[in-house]
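Chemist: got a sequence here, can you model it:
(chains A and B)
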Amino acid sequence: EAQVTQNPRYLITVTGKKLTVTCSQNMNHEYMSWYRQDPGLGLRQIYYSMNVEVTDKGDVPEGYKVSRKEKRNFPLILESPSPNQTSLYFCASSSIRFNEQFFGPGTRLTVL
Amino acid sequence: AQKITQTQPGMFVQEKEAVTLDCTYDTSDPSYGLFWYKQPSSGEMIFLIYQGSYDQQNATEGRYSLNFQKARKSANLVISASQLGDSAMYFCAMREVTDSWGKLQFGAGTQVVVTP
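Modeler: Residues are numbered from 1 along each chain as shown, chains lettered A, B, ... in the order given. Below you'll find the model as predicted:
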C-alpha cells in the first residue's frame, strides 16, 4: 500500500530535550516536505526536499532541522524544542510532477 | 504576505445541495498549481483536486470540481450533492513553479458542516 508514515503519532516532551520525528514514504517520490498546522493558520511549510541531499527552507524553518540522506526518509529534528513548537506536524511526499501530494497521518507534539 | 485567502471560516450546507468554497490567490508567477485538500475530524489530509495554471479546462474529480477564473485569481471548489461525510475542514493551497518550485502555501481553511 502506497503511504507516508510518521512516528511517533503523539509526543509530549519538555523544553530543550532534543527530539526527532521520522517520516518515510514507499512511493519512490523525489519530493518530501514538512508542515505544521496551528488553529486559524492553516498549514505552514517548515522545510522541503526535492531529492536526496537537497533541502530548502519553507516559511517557518526556525527551530527545526531536516536531513535527506535516503530518498524514502525525511526526518524532522527539533534540537531544543520550545512550547511555541507545540503543534500538529505533517510530512508529505510527491512525485516530480507535483500534481498531487500524499500526507502522512500527522504527529501531535506537545512541548511543556 | 498572505498568498492564499479563504474568506469563509465556516459554513453549513444541507445534504444533497451543492456548496462552493471560495479561494483567491496572489501570484505574479505565470506558472503555478492550485490544490484543494480535505481534513475530516480524524485529522488526516486528503487530496481532492489539482489545477495547473496552464490547464485549459477546469479540473473535475467525481463530485468535486474546481471553478478556475485565472483573471480574477480565484480557484473555488464546488462540491455537488453534499453528503454527511463531506463535513470537514477544506484547505486551498498554491505552488508557484518558477520562483520557488518546492514551496506550497495554504489558506486558513473553511469548515464545512453538512446537515441532514
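
Chemist: what's the burial count for residue B:55?
Modeler: 15 (other CB atoms under 10 Å in any protein chain shown). Any C-beta I mention is one placed from the backbone N, CA and C, and that applies to glycine too.

Chemist: can you tell me the element the residue nearest the centre of chain A falls in?
Modeler: Centroid-nearest residue in chain A: residue A:34, 3.1 Å away (criterion: CA atoms, centre = their mean). Per DSSP states H and E: residue A:34 is located in strand A:31-38.

Chemist: show me what that strand is packed up against.
Modeler: Judged by 3 or more CB pairs under 8 Å, 6 or more residues apart in numbering or on different chains; DSSP states H and E, the packing partners of strand A:31-38 are strand A:19-25, strand A:42-51, strand A:87-94.

Chemist: again, only using 7 Å
Modeler: The helices and strands touching strand A:31-38, judged by 3 or more CB pairs under 7 Å, 6 or more residues apart in numbering or on different chains; DSSP states H and E, are strand A:42-51, strand A:87-94.

Chemist: how about the residues of chain A by chain B?
Modeler: Within chain A, the positions near chain B by CB under 7 Å from any CB of the partner chain are A:31, A:33, A:40-43, A:45, A:48, A:50, A:56, A:58, A:90, A:98-101, A:103, A:105-106.

Chemist: stretch B:46-61 and chain A in contact?
Modeler: Yes. Applying CB under 7 Å from any CB, one finds stretch B:46-61 touching chain A at B:47, B:50.

Chemist: now that stretch - C-alpha only, PDB.
Modeler: Extracted in PDB, the C-alpha atoms of stretch B:46-61 (Å, rounded to 0.1, in the frame of the first residue of the first chain):
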ATOM      1  CA  ILE B  46      -6.900  14.100   1.800                       C
ATOM      2  CA  PHE B  47      -6.000  15.400  -1.600                       C
ATOM      3  CA  LEU B  48      -9.100  16.300  -3.600                       C
ATOM      4  CA  ILE B  49      -8.200  18.100  -6.800                       C
ATOM      5  CA  TYR B  50      -5.500  19.900  -8.700                       C
ATOM      6  CA  GLN B  51      -5.500  22.700 -11.300                       C
ATOM      7  CA  GLY B  52      -2.500  23.900 -13.200                       C
ATOM      8  CA  SER B  53      -2.300  27.500 -14.400                       C
ATOM      9  CA  TYR B  54      -1.900  26.400 -18.000                       C
ATOM     10  CA  ASP B  55      -4.700  23.900 -17.900                       C
ATOM     11  CA  GLN B  56      -7.300  24.800 -20.400                       C
ATOM     12  CA  GLN B  57     -10.200  23.100 -18.700                       C
ATOM     13  CA  ASN B  58     -11.500  23.300 -15.100                       C
ATOM     14  CA  ALA B  59     -10.400  20.200 -13.100                       C
ATOM     15  CA  THR B  60     -13.000  17.700 -12.000                       C
ATOM     16  CA  GLU B  61     -12.800  14.700  -9.800                       C
END
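
Chemist: and that stretch, average pLDDT?
Modeler: For stretch B:46-61, mean pLDDT rounds to 94.
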